[in-house]
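next one to model:
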Amino acid sequence: MKILVPVKRVVDYNVKVRPLSDSSNVDLNNVKMAVNPFCEIALEEAVRLKEAGQATEVVAVSVGKTESQEQLRTALALGADRATLVETDSLLEPLAIAKVLHKLVDDEKPDLIILGKQAIDGDNNQTGQMLAAMLDYPQATNASEVKIDNSSVQVTREIDGGLQTLKLNLPAIVTTDLRLNEPRYASLPNIMKAKKKELNILPISDMGLDASPRTELLSVELPPSRDAGIIVETVTDLVDKLKNEAKVIQ
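Okay, here's the model as predicted:
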């Protein structure tokens, strides 16, 4: 069984992002970049399935600039067998990324596609659903447990009322949530081995896709600072402020 895992290059989650001086975009100068955390979880699950003998190959793919090779090398060091970068200088929207992945799925013919439910930069949570619609594949979102059973996959997901378990016929798409697993760290020997693994680069212009944007970024701004909290002396004072100042009660 072949598993395809899309990964995305994002600003490291420990970095406090800030806008450029002209508010045209996020300032990425000298900023540490990393694999999107949800993508790491997806990759870890794919590697675990391979280690359990339920998968034969894990293929990592990314859509982005040349620098995204760094994150694909990380994916190879974490256990992926080979990788493909669809190279573009543009920041693609979820719809365009889903189109690229659709093309790659047609070429690779994976049995299972596991991807993070969202990227921590755009927080769109759209690519997996769009890809499933394009491929007409069954899908399960926000997975907290994944089990392979011959020609199907059983996915447990958290919902408001508890847990929901779905059984999907393969090929299928699964998007991962935080509780699915805890990603491993890449060891030094595996980092060295990753340098020799196959990494293909495919220009997006060779794919014949319409990747034009449907939205326009107007500005990037920091959220407004919050006012400092206050301490009230009595419950009566608290109720008064909630009623007359915050106006959250009547």
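
next structured bit after the helix or strand harbouring L101?
Using DSSP states H and E, L101 sits in helix 94-108. The C-terminal neighbour of helix 94-108 among helices and strands, as given by DSSP H and E, is strand 112-116.

contacts for that next one, please.
In this structure, residues lying in contact with strand 112-116 by C-beta atoms under 8 Å, 6 or more residues apart in numbering are 1-6, 8, 36-43, 45-46, 49, 55, 101, 105, 127-128, 131, 137, 146, 148, 153, 170-176. C-betas here are computed from N, CA, C, even on glycine.

and what of stretch 176-186?
Applying C-beta under 8 Å, 6+ apart, the set of residues contacting stretch 176-186 is 37-38, 40-45, 47-48, 74, 77-79, 114-117, 142-146, 157-158, 194.

circling back to that earlier point, just the ones of the contacts of strand 112-116 in strands?
2-6, 146, 148, 153, 172-176 (DSSP state E).

most neighbours of all the residues you listed, which one?
Of all the ones in strands among the contacts of strand 112-116, the highest neighbour tally under other C-beta atoms under 10 Å goes to T176, namely 32 neighbours.

what sits opposite that one in the beta ladder?
Judged by DSSP bridges, the bridge partners of T176 are G116, A143.

show the model's pLDDT score for it.
The model reports T176 with a pLDDT of 94.

now it: how far from M207?
26 Å (C-beta to C-beta, to the nearest Å).

if we can go back for a sec, from the ones in strands among the contacts of strand 112-116, which two are the most distant?
Largest separation among the ones in strands among the contacts of strand 112-116 by C-beta to C-beta: P6 and I148, giving 19.2 Å.

measure V58 to E51 for me?
V58 sits 10 Å away from E51, going by C-beta to C-beta.

between those two, who's got more neighbours?
Neighbours were counted for V58 and for E51 using other C-beta under 10 Å; V58 has more, 29 against 11.

check the secondary structure at the closest residue to L78 other than its chain neighbours for me.
Counting by C-beta to C-beta, 6 or more residues apart in numbering, A186 is the residue found nearest to L78 once chain neighbours are left out, at 5.3 Å. For A186, the assignment made with DSSP: H, G, I helix; E, B strand; the rest coil gives coil.

kindly report the same for T74.
Quick answer, by three-state DSSP: T74 is helix.

hmm, it is touching V35, no?
Yes - assessed by C-beta atoms under 8 Å, T74 is found in contact with V35 at 5.5 Å.

neighbour count winner among those two?
More crowded of T74 and V35, by other C-beta under 10 Å: V35, with 25 against 21.

neighbours of P37, how many?
Residues near P37, counting by other C-beta under 10 Å: 18.

before we move on, what about M207?
16.

and P183, by the same measure?
P183 has 17 nearby residues by other C-beta under 10 Å.

can you tell me the closest non-neighbouring residue to T127?
Distance criterion C-beta to C-beta, 6+ apart; nearest residue to T127, sequence neighbours excluded, is P94 at 4.5 Å.

ok, that neighbour - contacts?
Shown in contact with P94 (C-beta under 8 Å, 6+ apart): 122, 124, 126-127, 130.

what's the answer for V155, then?
140, 143, 145-147, 165-168, 174.

buried among these? Need that as a selection in ChimeraX.
Buried residues within the contacts of V155, by 16 or more other C-beta atoms under 10 Å, are selected in ChimeraX with:
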select :140,143,145,146,166,168,174
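
now distance to N25 too, for the contacts of V155, in TSV please.
Below are the contacts of V155 laid out as TSV (distance: C-beta to C-beta, whole Å):
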residue	distance to N25
A140	34
A143	32
E145	38
V146	36
K147	42
T165	42
L166	38
K167	43
L168	38
V174	32
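
identify, from the contacts of V155, the entry nearest to T66.
The closest of the contacts of V155 to T66 turns out to be V174 (C-beta to C-beta; 29.2 Å).

could I get the contacting residues of the closest one?
42, 112-115, 139-141, 143, 146, 153, 155, 168 are the contacts of V174 under C-beta under 8 Å, 6+ apart.
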